[in-house]
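**Q** test case, fold it:
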Amino acid sequence: MPPRPNKAVIVTAPSGAGKTSIARHLLQQLPTLAFSISATTRERRGAEVDGKDYHFIDLATFQQHIHQHDFLEWEMVYEGKYYGTLLPLIQDIWQNGCTPLLDIDVQGALRVMNDDRVQALSLFIDPFSLDELGKRLRARGTDPEASIRARLEKASTELSFKERFDHIIVNDDLPNACRKAETIVRAFLEA
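**A** You can find the predicted model right below:
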């Protein structure tokens, strides 16, 4: 059965908790899912590709999209760094008969969950502990220590919202967390 046009799957978590790894697993296993590429004002990291990893846009363009109501959700996630989900891209995914998968921050996820245009399934990926999250962020080797500390402070706040999501998946074992997420999402898509 084709997905209903207004369904969306949200995977959210504090930075470094494994949401992107779980989202990639879901995209590989469930072909009716299509990745929603977020827009951001932050600089590219490493080998990130515009239009594949993110839509990298300048602040003025991002603000123009805000004023034109082009976003399903948007947020200043870190000081001066905006992220958002462009509604026309979500509509394109629906028109192609797929269900968008949104790999987004916690506040953005809460906004989508409260949007009447979307029937959302929300998964909160719990990093098991803040200590473990700090280890994961440092192991990435992509951010300076000050940025990691800021992410851990933000994570503490984000964890306080986890009970508001449809499902909490503790990521203390990535393959197991991926299997749990897949079972939940498969049931949602088939309903």
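
**Q** okay, CA-based contacts and neighbour counts for the rest of this
**A** Will do.

**Q** list the buried residues in stretch 125-134.
**A** The neighbour-count check on stretch 125-134 (16 or more other Cα atoms under 10 Å) flags 125-127, 130, 133-134 as buried.

**Q** make TSV out of the residues you listed and add distance to Ser38, pLDDT and secondary structure.
**A** Shown next, in TSV, are the buried residues of stretch 125-134 (distance: Cα to Cα, whole Å; pLDDT from 0 to 100; DSSP: H, G, I helix; E, B strand; the rest coil):
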residue	distance to Ser38	pLDDT	secondary structure
Ile125	19	96	strand
Asp126	21	92	strand
Pro127	22	84	coil
Leu130	26	79	helix
Leu133	23	76	helix
Gly134	24	80	helix
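
**Q** any low-confidence regions in this protein?
**A** The model of the chain has pLDDT under 70 over residues 1-5.

**Q** helices of that one, start to end?
**A** Secondary structure of the chain (DSSP state H): helices at 19-29, 59-67, 87-95, 106-113, 130-140, 145-159, 174-190.

**Q** deepest-packed of the ones you listed, please.
**A** helix 106-113 (a mean of 20; mean count of other Cα atoms under 10 Å).

**Q** what's that one packed up against?
**A** The contact analysis (3 or more Cα pairs under 8 Å, 6 or more residues apart in numbering; DSSP states H and E) places helix 106-113 against strand 7-12, strand 71-78, strand 119-126.
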